[in-house]
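In: Sequence below, structure please.
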Amino acid sequence: MKVLVLHGPSLDTLGSREVEVYGDQTLDQINDAIEAEAESLGLEVEIHQTAREGEIIERILGAKDRVAAGILNPAAYSHTSRAIADAVRAVDYPVIEVHLSNIHAREPWRRRSVTAEAAAGVVAGFGVDSYLAALRLVKALVS
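Out: Numbering: from 1, shown residues only. Model prediction:
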């Protein structure tokens, strides 16, 4: 079973950007952990990172015939992108939204996620473990 994992804008700067908020792991290290957890669960992952909203939308829509589920960290787009939310609504596979930080304990403008309104659920605040928990949840949702 294949799972699409999408990382949004600025996540390629992890490890050096706001370490007190996002931790010191790089995106490559997070991807390694995702791949290891997926393998242990018998899942295959397709991982992408982009800062472009349109590319996130295209990847969500373009995966509909080849994935069983998606894991999406829309980053700052989670607070603004109704277009990404519409793409999540347009596919028949479940998408779990993840965030490394607890967006509900941060600045007021970060506390609402319009993309989460379309997601099957949200895992936030656990660093890389947010992704790993989402993988386990995906396995439970589609098994």
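In: For beta bridges, what are the partners of the residue nearest the centre of the chain?
Out: What sits nearest the mean C-alpha location of the chain, by CA atoms, centre = their mean, is Leu72, with 2.3 Å. Using DSSP bridges, the beta-bridge partners of Leu72 come out as Leu6, Glu97.
In: what pLDDT does it get?
Out: Predicted confidence (pLDDT) for Leu72: 98.
In: need the contact list for it.
Out: Counting by CB atoms under 8 Å, 6 or more residues apart in numbering, Leu72 makes contact with 5-6, 8, 56, 60, 84, 88, 95-98, 115, 119. No exception for glycine: its C-beta is placed from N, CA and C like everyone else's.
In: What of Ile60?
Out: Residues near Ile60 by CB under 8 Å, 6+ apart: 4, 6, 70, 72, 84, 87-88, 90-91, 95.
In: Can you identify the element that follows the helix or strand bottoming out on mean pLDDT in the chain toward the C-terminus?
Out: The least trusted helix or strand in the chain, going by mean pLDDT, DSSP states H and E, turns out to be helix 19-22, with a mean of 68. Next in sequence after helix 19-22, counting helices and strands by DSSP states H and E, comes helix 27-41.
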